[in-house]
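S.K.: The following comprises the amino acid sequence and a computationally predicted model.
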Amino acid sequence: MSTASSARHLRGRLALAALSFAVALGASELALRMLAPRASTGLRGLHQMRPDRTWLFGLRPGATGTIDATGDTLYQINADGFRDRIYARPKPPGVFRILVLGDSLTFGYGVAQQQTYPKRMEMLLEARLGQNVEVLNLGVGGYNPYNEAALLADVGIGYEPDLVLVQFCSNDLNDPTLHFDAQTLMHLGAIPDAAFPDPSARRAPASPGLAGSLGACRGLALCALLDDAWLAWRATEPDAASEKAALRSLDRLDRTQARWLAHWYGEMNQRASNAGARFALLVFPFRAQLDDRASDRLQEQLVTLGERGGWVTIDLLPAFLQARGPGKEALFLDVWHPTPRGYEVAADAIIGGLEQRGLIPRPARG
């Protein structure tokens, strides 16, 4: 065989090998996408890293399963990556659409999907207003105002909301990597300083996973699977000090935290306004405030922040205080997360606050 023939033969074999590899890779990617939903025994099965998005991480589209800490509660993530049903885009005519952003409180940690406050609001408002009302739950466990602002800009506005609600929890003021790393045994890695309420107090960032290093791999299910395996292999259980820090409930803002919240809530307020929507902040209490072990100073500061920034703040602490008492159902599962009864109290108080401030349509006349 001549040298030229040998070269052609080698190129042909290389081309065939490359084609076979591409076909196998494509088939693997398709199979992984078709296998969803999949079972989960922890938050790692529900979350995925998104280094290709400004919101950094989100819920895995199509994932379904339970979390060890919350027993038989089933979590089902839709194809858009949220714990809700699919909503039409663009918004259908005649629909009043409310978009809710938040962390695990909005997501509904420990309760059924229909027991979350966005779904309870949707049910109550449809009955009360006599028109089509949609309340979209875009809550993601581990989010803070930085992620919420990024998700609103990238995804949320595309749903054409009439009203944007953002939920605040006192753990929004903690190092955001504490909750995510401890609960998922994954690492957020070198996230921007802007994601931290106080960048000077942040932990040393972990190195990124495979998806964070290989730009061409981003967005592929196969790459995400390899990245999960890599991060799980590298992960370590959180130390006692990190766990303690992650469970802090701060009852007041310092100047750095106040400026950070004002910036991100102000940005979301402006973005909603530019899209023709109204905006309001929902401030959830934490359990120690019901036991008189913590003051309401945090709520007072957040209300003042909203007055200065030009957005509505709905403080849910008074409603929770009124609903507590001996012989009554518990309102919290743990430090922050409400029980089904707690979510009922929250939904009723939010609707009352929205009606009082004219942020939702008036009820239809009988």
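M.R.: Yep, that arrived.

S.K.: Secondary structure element for the nearest residue to Ala319 once chain neighbours are set aside, which one?
M.R.: Spatial nearest neighbour of Ala319, excluding adjacent residues (C-beta to C-beta, 6 or more residues apart in numbering): Ala349 at 3.6 Å. No exception for glycine: its C-beta is placed from N, CA and C like everyone else's. Ala349 belongs to helix 340-356 when assigned by DSSP states H and E.

S.K.: residues near the residue nearest to Ala319, how many?
M.R.: 21 (other C-beta atoms under 10 Å).

S.K.: go on, Gly310?
M.R.: 12.

S.K.: Quick check: chain neighbours aside, which residue is closest to it?
M.R.: Asn269 (6.6 Å).

S.K.: and the one you found, helix, strand or coil?
M.R.: Assigned with DSSP: H, G, I helix; E, B strand; the rest coil, Asn269 falls in the helix class.

S.K.: Any figure for the gap between it and Ser170?
M.R.: 21 Å (C-beta to C-beta, to the nearest Å).

S.K.: What of Asp193?
M.R.: Distance from Asp193 to Ser170, by C-beta to C-beta: 21 Å.

S.K.: Quick check on the two: which one has the bigger neighbour count.
M.R.: Counting neighbours by other C-beta under 10 Å for Asp193 and for Ser170 shows that Ser170 has the greater number, 23 against 11.

S.K.: wait, what's in contact with that one?
M.R.: Arg248, Ser249, Leu250, Asp251, Phe286, Leu298, Trp336 (C-beta atoms under 8 Å, 6 or more residues apart in numbering).

S.K.: in this protein, which spans are strands?
M.R.: If DSSP state E is used as the criterion, the strands of the chain fall at 47-49, 57-59, 64-65, 75-76, 95-101, 132-137, 163-168, 278-283, 312-315.

S.K.: Columns mean neighbour count and mean pLDDT on top of these, output as a markdown table?
M.R.: Below are the strands of the chain laid out as a markdown table (neighbours: other C-beta atoms under 10 Å; pLDDT from 0 to 100):
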| stretch | mean neighbour count | mean pLDDT |
| --- | --- | --- |
| strand 47-49 | 24 | 87 |
| strand 57-59 | 22 | 93 |
| strand 64-65 | 16 | 92 |
| strand 75-76 | 18 | 96 |
| strand 95-101 | 22 | 98 |
| strand 132-137 | 22 | 97 |
| strand 163-168 | 25 | 98 |
| strand 278-283 | 23 | 98 |
| strand 312-315 | 21 | 98 |
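
S.K.: want to try a markdown table for these, with distance to His263 as columns?
M.R.: Below are these laid out as a markdown table (distance: least, C-beta to C-beta, whole Å):
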| stretch | distance to His263 |
| --- | --- |
| strand 47-49 | 25 |
| strand 57-59 | 21 |
| strand 64-65 | 36 |
| strand 75-76 | 32 |
| strand 95-101 | 16 |
| strand 132-137 | 24 |
| strand 163-168 | 13 |
| strand 278-283 | 14 |
| strand 312-315 | 16 |
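
S.K.: Quick check: which ranges of the stretch 51-200 of the chain have low pLDDT?
M.R.: Applying pLDDT under 70 to the stretch 51-200 of the chain flags the ranges 179, 181-187, 189-190.

S.K.: can you pull out the helices in this structure?
M.R.: Applying DSSP state H to the chain gives helices spanning 3-35, 104-107, 117-129, 145-154, 176-184, 210-213, 221-234, 240-246, 255-274, 287-290, 297-309, 317-323, 340-356.

S.K.: which of the ones you listed has the lowest average pLDDT?
M.R.: Lowest mean pLDDT within the helices of the chain: helix 210-213, at a mean of 51.

S.K.: tell me the contacts of the spatially closest residue to Leu305 that is not a sequence neighbour?
M.R.: Closest residue to Leu305 apart from its sequence neighbours, by C-beta to C-beta, 6+ apart: Ala262 at 5.6 Å. Taking C-beta under 8 Å, 6+ apart, we find Ala262 in contact with Leu305, Arg308, Gly309.

S.K.: Which of those residues are buried, as a ChimeraX select command?
M.R.: Here is the ChimeraX command that selects only those of the contacts of Ala262 that count as buried (16 or more other C-beta atoms under 10 Å):
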select :305,309
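
S.K.: Is the nearest residue to Glu126 once chain neighbours are set aside bridged to anything, and to what?
M.R.: Once flanking residues are discounted, Glu126 sits nearest to Val133: 4.8 Å by C-beta to C-beta, 6+ apart. Beta-bridge pairing for Val133 (DSSP bridges): Phe96.

S.K.: hey, what's the closest residue to Ser273 other than its chain neighbours bridged with?
M.R.: Residue nearest to Ser273 in three dimensions, not counting chain neighbours: Phe279, with 6.8 Å by C-beta to C-beta, 6+ apart. Per DSSP bridges, the residues bridged to Phe279 are Val164.
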